[in-house]
Each structure stands twice: as structure tokens, then as C-alpha cells.
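**Q** Let's see this in three dimensions:
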Amino acid sequence: MGQTGSGKSTFISQLSINDYSHAIGHTIESETHKVQEVECMVRGQRVLLVDTPGFDDTYDDDGAILENIAKWLRDTYKKDMLLSGLIYTHDISMNRFRKSAGKSLQLFKKLTGRDNMNNVVLLTTMWDKEGLTQEVGEQREETLQSKAGFFKLMLLDGATLMQHNGTIDSAEEVVSRLLSNTPKAVAIQQQMAAGRQIGETDAGEYVNEGHIKLQKQHRKEMEAMRWEMEQAHKKGD
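**A** Here you go, the predicted model:
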């Protein structure tokens, strides 16, 4: 999981048994619109990697994307298929942590749950991007891990921070680290198994909270426009 353009599909394509290059985006638009299971080979072992759309997807809103991911997790949970690991990708070439990146990370945390952080890799990507020096990238990583950093609490709860330099060896190292984990049900699977609807899960409530804020903001903007029109009309009289 991770933001659109953070390198999820590129990472998977390096390990996929069959060609997965069609899923790699070369524009600001997302190429992954639904959850996709991809068979991969990692150091002689067959592995199933799961590609997901980013929560800032071009075509769907966060609610639709969460529903898509949650349904896949619910269906696989019913088949007793659990995840050995979760990889959250973050583009280290970004010079600042944008609001959309923060929202995406929060949703990931809600969906995963604190008890599953031992099975999480926080993966910084795009280290091979032109113009990014190792020194600058490491400074940004230190900021993410700092006391006020976005990764701090997740690391304290057991998540692991790793780097992906764009090579197949690097991708294999990340996945290999997760294969010995004990597979677990993530928070949203546990909550749906307990009878909650998607919108009632921690992740669903977070998305709905965002929608309510947007609706309030929209109403305020409409009221402000209406007031300005009324003032303009009065001056015209």
C-alpha cells in the first residue's frame, strides 16, 4: 500500500512471474484501480504480492477504494488466507510530507492496527531518482523517524524501516524479511469478522470523518459565496 506514484506497482513488477509492466504509471494518474493479486518469485519461493490503489487515486474516492480493499481482505479472510506482511511505500524524493501523504498513512494505520506493526515494513522508495542525493534522502528519513515524525509511533510499535533502491535484489530483500513472519489478520478483518460493516471499522470511520469535514467546508464556501452575491446585489441597488 501507499500513495499513488510511490512505486508499489514498480516494486511488484520487479518480482512478478508474469509481465506486470502494464500496471506501472508514467503520469500523475493511477494505473491501479482495484486490488490485484500478482504471483511472484522471491529467491526460489513463490509469493503472492497484492497491489492496491492509492487512497489519492485519480478515479475513485477514498470510500470506494477502502471498500475495494476491505472486500478483498474480507473474502480472503473467509478462505483462511492471512498476510505475512504489509509494505507501505513512501516516495523519499518528495521534498515535504504532503497532506494527502499523511491521510494515506493514517488510513493504512487504521486498516492495519497497532497490534500488526511487527509485520509492517515502511519502505522508502525512489532512491534512484535523478537529482536525489543519498545525503538528502537520509536527512528526510531521519525527519520521518524523529520525535514529531510521521513514522515514529509505527516504528515504536514494531514496524521496520527499509530502503528500496530500485534493484531486484533490493525488492527481494524486503519481501524475504517478511516471509518468516506469523501471518495475522489485520484490524479491519478482525472488526468485520466481529460484525462491523466497512463504514463502522476504524478505517471506515476515518474516511467518513474526512467526508463530513469536506461537506462542512463546502457548505461554508457556498454560504460565503451567497453572502458576497447578496452584498454585491445590495451595492448594485
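**Q** how far away is Leu132 from Asp75?
**A** 39 Å (Cβ to Cβ, to the nearest Å). In short, each C-beta sits where N, CA and C put it, glycine included.
**Q** again, but for Gln45
**A** Where Asp75 is concerned, Gln45 sits at a distance of 24 Å (Cβ to Cβ).
**Q** the more surrounded of Leu132 and Asp75?
**A** Leu132 (17 against 11; other Cβ atoms under 10 Å).
**Q** give the contact list for the closest residue to that one other than its chain neighbours.
**A** Spatial nearest neighbour of Leu132, excluding adjacent residues (Cβ to Cβ, 6 or more residues apart in numbering): Ser93 at 4.9 Å. By Cβ atoms under 8 Å, 6 or more residues apart in numbering, the contact set of Ser93 is Met126, Lys129, Gly131, Leu132, Gly137.
**Q** ok, so of those, who is nearest Ile12?
**A** Of all those, Ile12 sits closest to Met126, with 15.4 Å by Cβ to Cβ.
**Q** I'd like the distance between that closest one and Ser6.
**A** For Met126 relative to Ser6 (Cβ to Cβ), the value is 8 Å.
**Q** ok, now Lys34?
**A** Taking Cβ to Cβ, one finds Lys34 at 18 Å from Ser6.
**Q** Tell me which of the two has more neighbours.
**A** Ser6 (24 against 15).
**Q** quick one: secondary structure of the more buried one?
**A** coil (DSSP: H, G, I helix; E, B strand; the rest coil).
**Q** cool, and Ile87?
**A** strand.
**Q** Could I get the full set of helices for the protein?
**A** Ranges of helices within the chain are 8-13, 62-78, 99-112, 134-145, 152-156, 168-179, 187-193, 202-236, based on DSSP state H.
**Q** For Tyr77, give me its contacts.
**A** Ala185, Gln189, Met192, Ala193.
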